[in-house]
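> only geometry, no sequence info:
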């Protein structure tokens, strides 16, 4: 049950794209298509942005997209906006009623 | 609007117990898995526990196995987390979340374990 590995920080200018990676193992990220991504603003509860690797809940802008290759999942935010500045976490099902979150990435809009 | 409201947090001494509750509304509670996730001050999210829709299957992170117990009451639309033998490292905001995509989340309840 080791945390999934994310880069501590990422940044981009308004309008640019930023991609965050989430690396696990074949027992979690690589083994299941149950990777989700969450956005958390300071002092707030997390918000689901992407589920089942690529699916976007209603109300989430299409600037947010997800993908997966092997044991690494990725979240891309295109057309960065000031309100996208937040912490982002990935999560994955890890089998046998277990889940694991990533270490978190702080996204800064320059 | 789907809503989750946690309660039961507070200050407890090491070795003590607390029972957290999460009240759900505006969705068919009995149709969803439910989860508890915690976040220590200034730290990342950690999955804690889950329970299936009828309460017959559960899961726990290794660090709480044998100390925490998750349960649910589908008649009252609540999910609970009984926390025993609490340690300083259990200090965190505890969130409940709906479904295996964790959507939505409650506002959280703060548990502080300190003497």
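Arrived safely, thanks for sending. A quick note: this is a predicted structure, and the numbers were derived from the prediction, not measured.

> From now on I want contacts and neighbour counts done on CA atoms only, so please keep to that.
OK.

> need the residues of chain B near chain A, please.
B:44-47, B:49-50, B:58-62, B:95, B:101-108 (C-alpha under 8 Å from any C-alpha of the partner chain).

> Mind giving me the ChimeraX select for those residues, buried ones only?
Only the buried entries of the residues of chain B next to chain A go into this ChimeraX selection, using 16 or more other C-alpha atoms under 10 Å in any protein chain shown:
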select /B:44,45,46,47,49,50,58,59,60,61,95,101,102,103,104,105,106,107,108
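
> Any residue of whichever strand or helix holds residue A:10 touching chain B?
Using DSSP states H and E, residue A:10 maps to strand A:9-12. No. With C-alpha under 8 Å from any C-alpha as the criterion, chain B is not reached by strand A:9-12; the gap is at least 13.2 Å.

> Okay, buried residues for that strand please.
Taking 16+ other C-alpha under 10 Å as the criterion, strand A:9-12 shows A:11-12 as buried.

> what does stretch B:63-75 give?
In stretch B:63-75, counting by 16+ other C-alpha under 10 Å, buried: B:64, B:68-72, B:74.

> Put together TSV for these, with pLDDT on each row.
Conversion of the buried residues of stretch B:63-75 to TSV gives the following (pLDDT from 0 to 100):
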residue	pLDDT
B:64	98
B:68	98
B:69	98
B:70	98
B:71	98
B:72	98
B:74	97
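
> Closest one of those residues to residue A:59?
residue B:74 (28.7 Å; C-alpha to C-alpha).

> from memory that closest one sits against residue B:30, does it?
Yes. Residue B:74 is within contact range of residue B:30, at 5.5 Å (criterion: C-alpha atoms under 8 Å).

> any shared contact partners between these two?
residue B:54 (C-alpha atoms under 8 Å, 6 or more residues apart in numbering or on different chains).

> quick one on the thing from earlier: the buried residues of stretch B:63-75 into JSON lines, with extra columns for secondary structure?
JSON lines is the format used below for the buried residues of stretch B:63-75 (DSSP: H, G, I helix; E, B strand; the rest coil):
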{"residue": "B:64", "secondary structure": "helix"}
{"residue": "B:68", "secondary structure": "strand"}
{"residue": "B:69", "secondary structure": "strand"}
{"residue": "B:70", "secondary structure": "strand"}
{"residue": "B:71", "secondary structure": "strand"}
{"residue": "B:72", "secondary structure": "strand"}
{"residue": "B:74", "secondary structure": "coil"}
